[in-house]
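K.L.:
this one's sequence-less:
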């Protein structure tokens, strides 16, 4: 297969997996709600007041507690697992084709060099001992 074809297929697959395995999960709960107004453009002028009356800068606030993060990651892992197991099923593929039409309207993906170098650069340090 030509490199250009491999890149095109990988791009579509990445868009599709992001759409059906990541987007339609608990991440939608994080996206829902009122978006605070920022005049600075970087949210440095937005603060959260917690139940103890502390003013926490928006940029310093955690927007996910450990339980919500764990739940979100489980959803994503379970969906990626299901995607891989069912990718050969004709009924599942028909469903994927419908979602692909939506996902293809997203921006073209690009190679994430920082991600790649982080994995390759830290490979020896992260191996189990």
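P.N.:
Alright, I've got the coordinates. Quantities reported herein were computed from a predicted structural model and do not represent experimental measurements. Numbering: from 1, shown residues only.
K.L.:
for the protein, what spans make up the strands?
P.N.:
47-49, 55-57 (DSSP state E).
K.L.:
for the first one, packing partners?
P.N.:
Based on contacts counted as 3 or more CB pairs under 8 Å, 6 or more residues apart in numbering; DSSP states H and E, the elements that strand 47-49 packs against are strand 55-57. Every residue, glycine included, has its C-beta placed from N, CA and C.
K.L.:
what pairs with the strand it packs on, and is each one parallel or antiparallel?
P.N.:
strand 47-49 (antiparallel) (DSSP bridges).
K.L.:
Quick check, central residue of this protein?
P.N.:
residue 22 (5.3 Å; CA atoms, centre = their mean).
K.L.:
Give me the spatial nearest neighbour of that one, chain neighbours excluded.
P.N.:
Of all residues not flanking residue 22 in the chain, residue 76 sits nearest, at 5.6 Å (CB to CB, 6 or more residues apart in numbering).
K.L.:
Neighbours of that neighbour, how many?
P.N.:
Applying other CB atoms under 10 Å, we find 17 residues neighbouring residue 76.
K.L.:
same check, this time on the one 3 residues further on
P.N.:
Counted by other CB under 10 Å, the residues lying close to residue 79 total 16.
K.L.:
quick one: contacts for it?
P.N.:
With contact taken as CB atoms under 8 Å, 6 or more residues apart in numbering, residue 79 is in contact with 20-22, 25.
K.L.:
what about the helices in the protein?
P.N.:
Per DSSP state H, the chain has helices spanning 3-17, 27-31, 66-86, 90-103, 113-121, 123-126. These are given in chain order.
K.L.:
Can you pull the poorly scored residue ranges out of this protein?
P.N.:
Applying pLDDT under 70 to the chain picks out residues 122-129.
K.L.:
can you do 90?
P.N.:
1, 3-5, 19-20, 23-33, 35, 62-65, 93-104, 115-129 (pLDDT under 90).
K.L.:
any idea how far residue 29 lies from residue 61?
P.N.:
16 Å (CB to CB, to the nearest Å).
K.L.:
so residue 17 touches residue 80, yeah?
P.N.:
Yes: counting by CB atoms under 8 Å, residue 17 does reach residue 80; the two are 6.9 Å apart.
K.L.:
Those two: which is more packed in?
P.N.:
residue 17 (20 against 14).
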